[in-house]
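Asks: let's see this in three dimensions:
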Amino acid sequence: MKHVCCVAIVVSLCVEHMQVADVPDGLTLQHGYWVRSAAFSPDGKKVVTASIDGTACIWDAETGQKLHTLVGHEINVYSASFSPDGNKIVTAGNGTVRTWDAESGKELHVLEKREDWIKAEITAAFSPDGKKIIAQSYKIVQIWDADSGKELEGLEMSKPVRDTLFVIFSPDSRKIVTTSNDSFYSSDVDGKLQETKQHSVHIFDADSGKRLQTLKGHADWVGTAAFSSDGKKIVAASDDGTAHIWDTDSGDNLQTLRGLTGCVLYAAFLPDNKKVITAGNDGIIRIWDADSGKQLQSLEMQRPVWIRLFPEKNNLESVTLSPDGKKIAVAQLNRTVEVVDIESGSIIQTFAGHTGSFWSVAFSPDGKRIVTANSDNTARIWTLAP
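Replies: From the prediction side, this is the model:
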C-alpha cells in the first residue's frame, strides 16, 4: 500500500504578524471520541458534527447547545453535512449512508448497507442542487436520489476500482469528478499477470453515469481536485509534485503548476477563477495565475501546518478558503488555527484550545466564524475579529 503522507508544512512574503490574537477555548462541542468532521448549515445557524463515537450531532452555532443526537450508525461516523437548503443532513459510516431531517433530527432514509463498507471509511455529500447524494469509499462510488433514497443504477463510476480517493460535483451538479489509481492487468511473457497503475482524474455525467473524460498526466496519487466556480476548469493536486489545470469539456491540459517539492496536498480556485491556491509538503502555500500558470505569491508560515492525506479519507483539508477567497484558515501542528489574509500575507488571528490533531477546518457561509474537528473528542466554533 502507498505510504501515508503525514507531513509538516511550513505555510515568501514571509507571513507577518499584523494582529495575532490568541483566542482561548472557542465554543466547545463535546463528543465521546474523535470528531471527524464539522460543518455549518447554509444559514450559519447550526453545526453538524460526525464522530467515531458512532453519532452525529446537530448544535446551535451561537450557543453551542446540542439540539439533536443522530443515532443509527452505531460506530464510526466519518462525515456529516447539510443539504444546500439546510433542511436535510447526510451522514456516512458503519457501512451505511443515512439522511436526516435537520430540524427534528428524525431519520429519513438508510441508503445502503454494504458489508464491504463496514470497515471502510465512507464520506457522503449532497450535490449543489440538493437532488442527489454521492458516497465514496476506497473502491466504490454510489449515487442516490436525495428525496426518494433510491440508488441510481447503471453508473460506470459504481464499478470497483483500485483506489478511489476523491469525488466532487461540478457547481451546476451536471458532472462528477473522481480521482483514482486505476489498475490494469496484462500477462508477461511467462503468463504471469502484471499490474499497471494509472493515476487519473475522471469526469462523469451525473445523470447517465457515462464517463466523459479521463484526464491523464499525473505520475503519482491524485488526492484532491476542485472545479472553478463556473465549472469550466478543474485543478487537481498530486503526490508527483505538480497540480494540473484541465478544461472540463475538452479534457485539454491547460497548465501544469510546477516548482513544488514533494506531495501537493491541496489545490483550489479562488472565487474569481483567475487564481489557484496550492499547499504542499515543501512547506509553502502558493498562489498561481490560472491562465499562465505563473506563480504570483507564496506564503510561508512560521510554524508547521498539520496536513494529512490518507487513501481512505480524502476530504482532510487543514487549509481552507473563506467564502470570499480573501482569507485562508491553516490548522497547525502546534494545535492552533491561524487565519491568514491572502493579499497581505499577514496572520490576522490565531485560535488555540484544541489538544489533539485536526481532522477538518471550515468557514461559516458568511466567513465570520470557523469550526474545527479534532481528535481531542471536540469540535470548536471560533469567531473572527471584525
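
Asks: CA atoms for contacts and neighbours, from now on please.
Replies: Fine.

Asks: quick one: the helices in the stretch 51-200 of the chain?
Replies: Counting by DSSP state H, counting those that start in this stretch, the stretch 51-200 of the chain has no helices to list.

Asks: quick check: which ranges of it have low pLDDT?
Replies: The stretch 51-200 of the chain contains residues with pLDDT under 70 at 113-120, 138-139, 153-164, 181-198.

Asks: make it 50
Replies: Low-confidence segments of the stretch 51-200 of the chain, defined by pLDDT under 50: 160, 185.

Asks: check the offset of stretch 341-356 from the chain's centre.
Replies: Centre-to-centre, stretch 341-356 and its host chain are 20 Å apart (Cα atoms, centre = their mean, to the nearest Å).

Asks: same question for stretch 369-382.
Replies: Centroid separation for stretch 369-382 versus its chain: 16 Å, with Cα atoms, centre = their mean.

Asks: mean confidence for that stretch?
Replies: For stretch 369-382, mean pLDDT rounds to 96.

Asks: can you measure across that stretch, start residue to end residue?
Replies: With Cα to Cα, to the nearest Å as the measure, the first residue of stretch 369-382 is 5 Å from its last.

Asks: ditto for stretch 352-371
Replies: Length of stretch 352-371, first residue to last, Cα to Cα: 12 Å.

Asks: could you tell me which residues within it count as buried?
Replies: For stretch 352-371, burial by neighbour count (16 or more other Cα atoms under 10 Å) applies to 352-354, 356-365, 367, 369-371.

Asks: tell me which of the residues you listed fall in strands.
Replies: Secondary structure defined by DSSP state E assigns A352, F358, W359, S360, V361, A362, F363, R369, I370, V371 of these to strands.

Asks: closest one of these to L215?
Replies: Comparing these against L215 with Cα to Cα places S360 closest, at 27.9 Å.

Asks: quick check: the closest one touching T378?
Replies: No. The pair S360 and T378 fails to qualify as a contact (Cα atoms under 8 Å) at a distance of 11.5 Å.

Asks: quick one: mean pLDDT over stretch 238-250.
Replies: pLDDT averaged over stretch 238-250 gives 90.

Asks: for it, output the C-alpha coordinates as CSV.
Replies: This file holds the C-alpha atoms of stretch 238-250, laid out as CSV (Å, rounded to 0.1, in the frame of the first residue of the first chain):
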residue,chain,number,x,y,z
SER,A,238,-0.9,15.1,-6.8
ASP,A,239,1.9,13.4,-4.9
ASP,A,240,4.1,13.8,-8.0
GLY,A,241,4.8,17.4,-7.0
THR,A,242,2.5,19.1,-9.5
ALA,A,243,-1.0,20.4,-9.9
HIS,A,244,-2.7,20.3,-13.3
ILE,A,245,-5.4,22.5,-14.7
TRP,A,246,-7.7,21.0,-17.3
ASP,A,247,-10.5,22.2,-19.5
THR,A,248,-13.7,20.4,-18.3
ASP,A,249,-15.3,20.0,-21.7
SER,A,250,-12.3,19.1,-23.9
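
Asks: contacts for that stretch, please.
Replies: For stretch 238-250, contacts defined as Cα atoms under 8 Å, 6 or more residues apart in numbering pick out 203, 213, 215, 218-224, 231-237, 252-265, 267, 278, 280, 290.

Asks: quick one: distance of it to the chain centre.
Replies: Computed by Cα atoms, centre = their mean, the chain-centroid distance of stretch 238-250 equals 17 Å.

Asks: swap in stretch 168-176?
Replies: Centroid displacement of stretch 168-176 relative to its chain, using Cα atoms, centre = their mean, is 15 Å.

Asks: please apply the same query to stretch 273-282.
Replies: On the basis of Cα atoms, centre = their mean, stretch 273-282 sits 15 Å off its chain's mean C-alpha point.

Asks: follow-up on the earlier one: now the contacts of stretch 238-250: which count as buried?
Replies: Burial by neighbour count, 16+ other Cα under 10 Å: within those this picks out 203, 213, 215, 218, 220-224, 231, 233-237, 253-257, 260, 262-265, 267, 278, 280, 290.

Asks: tell me where the stretch 251-386 of the chain has helices.
Replies: Ranges of helices in the stretch 251-386 of the chain, per DSSP H, counting those that start in this stretch: none exist.

Asks: can you report how many residues lie near S292?
Replies: S292 has 13 neighbouring residues, counting by other Cα atoms under 10 Å.

Asks: same check, this time on D249
Replies: Other residues within reach of D249, judged by other Cα under 10 Å, total 12.

Asks: from R174, how far off is it?
Replies: Remark: distance between D249 and R174 (Cα to Cα) = 12 Å.

Asks: between those two, which contacts overlap?
Replies: Residues touching both D249 and R174 (Cα under 8 Å, 6+ apart): none.

Asks: what sits up against stretch 124-137?
Replies: By Cα under 8 Å, 6+ apart, the surrounding residues in contact with stretch 124-137 are 79-85, 90-92, 97, 117, 120-123, 141-147, 164-167, 169-173, 312.

Asks: go with 6 Å
Replies: Under the criterion Cα atoms under 6 Å, 6 or more residues apart in numbering, residues 83-84, 92, 121-123, 141-146, 173 lie in contact with stretch 124-137.
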